[in-house]
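K.L.:
sequence first, then the predicted structure:
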Amino acid sequence: MEPKPDYNRISTSPHFKRLMHKKKRFLFPMTLFFLVFYFLLPVLTSYSKTLNEPAIGPISWAWVFAFAQFIMTWTLCILYSRKSVQFDQEIEQIKQEAAGRTKA
């Protein structure tokens, strides 16, 4: 049976702190953008007439904005999926360091 990892030592390691900093720098702006973009539609439709104007024929800007939310969600998911590969590689390095093995 393998010994349990020393989570206190892992959480104070420079490699782990650097990973967490990278993740926060990536996730915070993405989350903020998502929330603002997502809640902008109901706020603008409630307190503004801008989105009720026709954009393309009978299609209003509200429909264009709503469709753009799907595109935004897919784009953010793709970006995160690609970035998570890098995070996973760093996590594997941290796990190996914690187990006493260093991968070059």
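P.N.:
Thanks, I have the structure now.
K.L.:
tally of neighbours for Gln69?
P.N.:
Residues near Gln69, counting by other CB atoms under 10 Å, number 14. For the C-beta atoms, the positions are set from N, CA and C on the backbone; glycine is no exception.
K.L.:
quick one: it is in a helix?
P.N.:
Yes: counting by DSSP: H, G, I helix; E, B strand; the rest coil, Gln69 falls inside a helix.
K.L.:
quick check: the gap between it and Met30.
P.N.:
15 Å (CB to CB, to the nearest Å).
K.L.:
is the residue nearest to the spatial centre of the chain part of a helix or strand, or is it coil?
P.N.:
Note on the chain: the residue nearest the mean C-alpha position is Leu27, at 4.1 Å, using CA atoms, centre = their mean. Per three-state DSSP, the secondary structure class of Leu27 is helix.
K.L.:
extract the CA atoms of stretch 4-22 and return them as PDB.
P.N.:
Provided in PDB are the C-alpha atoms of stretch 4-22 (Å, rounded to 0.1, in the frame of the first residue of the first chain):
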ATOM      1  CA  LYS A   4      -0.700   8.900   1.800                       C
ATOM      2  CA  PRO A   5       0.600  12.100   0.200                       C
ATOM      3  CA  ASP A   6       1.600  15.000   2.500                       C
ATOM      4  CA  TYR A   7      -1.000  17.500   1.300                       C
ATOM      5  CA  ASN A   8       0.300  20.300   3.500                       C
ATOM      6  CA  ARG A   9       3.800  20.000   1.900                       C
ATOM      7  CA  ILE A  10       2.200  19.800  -1.600                       C
ATOM      8  CA  SER A  11       0.000  22.900  -1.000                       C
ATOM      9  CA  THR A  12       3.100  24.900   0.200                       C
ATOM     10  CA  SER A  13       5.300  23.800  -2.700                       C
ATOM     11  CA  PRO A  14       6.300  26.500  -5.200                       C
ATOM     12  CA  HIS A  15       5.200  24.400  -8.100                       C
ATOM     13  CA  PHE A  16       1.700  24.000  -6.700                       C
ATOM     14  CA  LYS A  17       1.400  27.700  -5.800                       C
ATOM     15  CA  ARG A  18       2.500  28.600  -9.400                       C
ATOM     16  CA  LEU A  19      -0.200  26.200 -10.800                       C
ATOM     17  CA  MET A  20      -2.900  27.700  -8.600                       C
ATOM     18  CA  HIS A  21      -1.800  31.200  -9.700                       C
ATOM     19  CA  LYS A  22      -2.000  30.200 -13.400                       C
END
